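K.L.:
have a look at this prediction, sequence included:
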Amino acid sequence: MSTYTSDSNAAPAFVARQSFIELTARERARHLLDSGTFRELLGPFDRLTSPWLPLQGIVCQADDGAVVARGTIGGAPALVCAIESAFQGGSIGEVSGSKIAGALELALRDCERGKIVHPVIVFETGGVRLQEANLGLAVIAEIQAAIVALRRHVPVVGVIAGMVGCFGGMSLAAALCTRLIMTRQGRLGMNGPEVIEQEAGIDELDASDRRRIWQLIGGEQRTACGLADRLVEDNAEAIVAAVRDAFAGGVPSVHRTEAVDHYLALLAQVDPSAITPESMRGLFAAEQRDAAGSAVTIKEFE
Amino acid sequence: MNHATSLSRGQRWLLALAGESAGAAPIWHADAPLAGESARFIAVVPDPENRFARARENVVGLEQGWRLARTVREVVDADARAATRRPIIAIVDVKSQAYGYREEMLGIHLACAAAVDAYASARQAGHPIIALIVGPAMSGAFLAHGYQANRMLALDAPGTMVHAMGKEAAARVTRRCVEALDALGETITPMSYSLTGFAKLGLLDCLIDGVDADAPTSDHIALVQGKLADAVLSARSGSSDLSHRLDSDAARTTRAASIKVRHHLAMQWDAD
């Protein structure tokens, strides 16, 4: 790619760069790890698949839609858990969720023994896989528990690139991450737009209004409000660099989910009848650096 | 306070187990004796006047999430230098998370995550966290209030249920009728809405039978207090993580895949 840059007939940068969004979960994990260090755990050939989908006439995938890989990032031991949106919308089942929870638990064990492992979670998920309902929810609780325990030792870095985004119980897991990296195409919310329209009616939210949805929960808005830490272009190199920066920032003294009084105070200033995505930016972005302190230290975008 | 009018299950059980709340709706909490020590009881209760219109029932919305976090952290901070950490009892009666435009905009996912963090951090700090399911324990609301507990108990009574999605909504999404959904739960254990189905997953430590969930007698209350005290003892004797959930006979059968995944991951973790 770099050979183009010195050429007067160079291809435009957008042709030369590698989209991250277009990559599969496995390719994403490979990109995030240092070249040649990718080693997949419980790969497709281990054939640990969902015990519940065949009972409902649904064909399994050999990795159950989650890729767990070890390797190094900037030379340091690392773990990447990447969710594959092409299988069941990235939904979390017993096996895919246990792969992520189990890997984070092993990283925690190593960290407790003084061997720091740098964990990255690449979110691309609608949340619980409904066909595995209660077990999906249970393993998401286990993923959350592991993130909270692990982030005392090392930053847990989350990436939400799109196009599925991150919803349901996994949006809570993303919020628990030390630092979140998003693209403009990424979305982060607890209830997907379709769910809100179904539960609260089309007057509450029109799920087909794409512009409004991205203004509400898209990466640009989330970063501007301090609910995500870094907005990056859809460029694999840029995301790799942002992940490295996120680790370089170290463990903050206060994580976002610990800034309880800060966020309660912000919420108290909100007028529910008047608040808009634009006015929220003013309210949340102006004050977050003071009270949440080092929870949100990465402020320079691109 | 006049409680003669209809109370939610969460309100009724908080009053029964701990007396009047020290905090206002939507989060009730009270410190009360349990087996000779003080315990904190917490419930999410209806709040008909809440300024967020989508969060007026017993649901977890923005204020509920952040206030749950504050109520739990208050206990953790107060006991930081104490020899024993007081038990925290999450009385679970939550219909859902709040579904709304403003909730998403203002980060309901972060508010719920703050509650998850508070409970998980309290557990790691050595507080026995006990979830007592007395009504619905649904989806993201249950994640925020109860699912980080060391031990989980439930009343086996009409109206208690655990699931990832409300029955009506799940029926619509999966294009089944509610009856077909119930039938599916009989054969596919994780799809079950019933507590007996949930118990088969190994996640429940005690299913309490023979208690009137809406109008408990003093005997019923004493029975539940006894089970809570047992759960506190059991939590203190175990680890502060969630590994206990994979230890039971039920888990070894129904969650064999969860156990197998962890076993194989551990074997492959370090390269030879």
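P.N.:
Structure's in. What do you need? Numbers count the residues shown, from 1 in each chain, chains lettered A, B, ... in the order given.
K.L.:
name the nearest residue to residue A:43, sequence neighbours excluded.
P.N.:
Distances taken as CB to CB, 6 or more residues apart in numbering or on different chains place residue A:63 nearest to residue A:43, at 6.6 Å, with adjacent residues excluded. Just so you know, the C-beta spots here come from the backbone N, C-alpha and C atoms, and that holds for glycine as well.
K.L.:
contacting residues for the one you found?
P.N.:
A:42-44, A:84, A:87, A:96 (CB atoms under 8 Å, 6 or more residues apart in numbering or on different chains).
K.L.:
residue A:166 against residue A:187, yeah?
P.N.:
Yes: the criterion here is CB atoms under 8 Å, and residue A:166 meets it with residue A:187 at 7.2 Å.
K.L.:
quick check: neighbours shared by the two?
P.N.:
residue A:160.
K.L.:
picking up where we left off before, neighbour-wise, which of the contacts of residue A:63 leads?
P.N.:
Neighbour counts for those, by other CB atoms under 10 Å in any protein chain shown, peak at residue A:96, which reaches 32 neighbours.
K.L.:
which element is that residue on?
P.N.:
Using DSSP states H and E, residue A:96 maps to helix A:94-112.
K.L.:
so what touches the next helix or strand after that helix?
P.N.:
As assigned by DSSP H and E, the chain's next helix or strand after helix A:94-112 is strand A:118-123. Residues from elsewhere that reach strand A:118-123 (CB under 8 Å, 6+ apart): A:25, A:28-29, A:32, A:73, A:76-83, A:90, A:100, A:103-104, A:107, A:147, A:150, A:154-161, A:165-166, A:170, A:173-174, A:177, A:243, A:247.
K.L.:
following strand A:118-123 in sequence, what is the next regular element?
P.N.:
By DSSP H and E, the next helix or strand past strand A:118-123 is helix A:133-150.
K.L.:
what are the phi and psi values at residue 25?
P.N.:
You didn't say which chain, so I picked chain A. As for residue A:25, its main-chain torsions (degrees, to the nearest 10) stand at phi -60, psi -40.
K.L.:
check what pLDDT it gets.
P.N.:
On pLDDT, residue A:25 comes in at 98.
K.L.:
neighbours around it, how many?
P.N.:
24.
K.L.:
which residues does it contact?
P.N.:
A:65-67, A:82-85, A:122, A:124.
K.L.:
of the contacts of residue A:63, which is the nearest to chain B?
P.N.:
residue A:42 (5.7 Å; CB to the nearest CB).
K.L.:
phi first, then psi, for that closest one.
P.N.:
Dihedral angles (degrees, to the nearest 10) for residue A:42: phi 50, psi 50.
K.L.:
quick one, what contacts it?
P.N.:
Contacts of residue A:42 by CB under 8 Å, 6+ apart are A:48, A:63, A:68, A:99, B:261, B:264-265, B:268.
K.L.:
rerun at 6 Å
P.N.:
A:48, A:68, A:99, B:264-265 (CB atoms under 6 Å, 6 or more residues apart in numbering or on different chains).
K.L.:
kindly report the same for residue A:171.
P.N.:
With CB under 6 Å, 6+ apart, residue A:171 has these contacts: A:188, A:190, B:109.
K.L.:
just the terminal-to-terminal distance for stretch B:192-209.
P.N.:
One end of stretch B:192-209 to the other measures 18 Å (CA to CA, to the nearest Å).
K.L.:
other residues contacting it?
P.N.:
A:138, B:151-156, B:160-163, B:185, B:189, B:227, B:245, B:248, B:250-251, B:254-255.
K.L.:
check which helices and strands the longest helix anywhere in chain B sits against.
P.N.:
Ranked by residue count and defined by DSSP state H, the top helix of chain B is helix B:218-237. Packing partners of helix B:218-237 (3 or more CB pairs under 6 Å, 6 or more residues apart in numbering or on different chains; DSSP states H and E): strand B:151-155.
K.L.:
state the next helix or strand along the chain beyond the strand it packs on.
P.N.:
Following strand B:151-155 in sequence, per DSSP H and E, is strand B:161-163.
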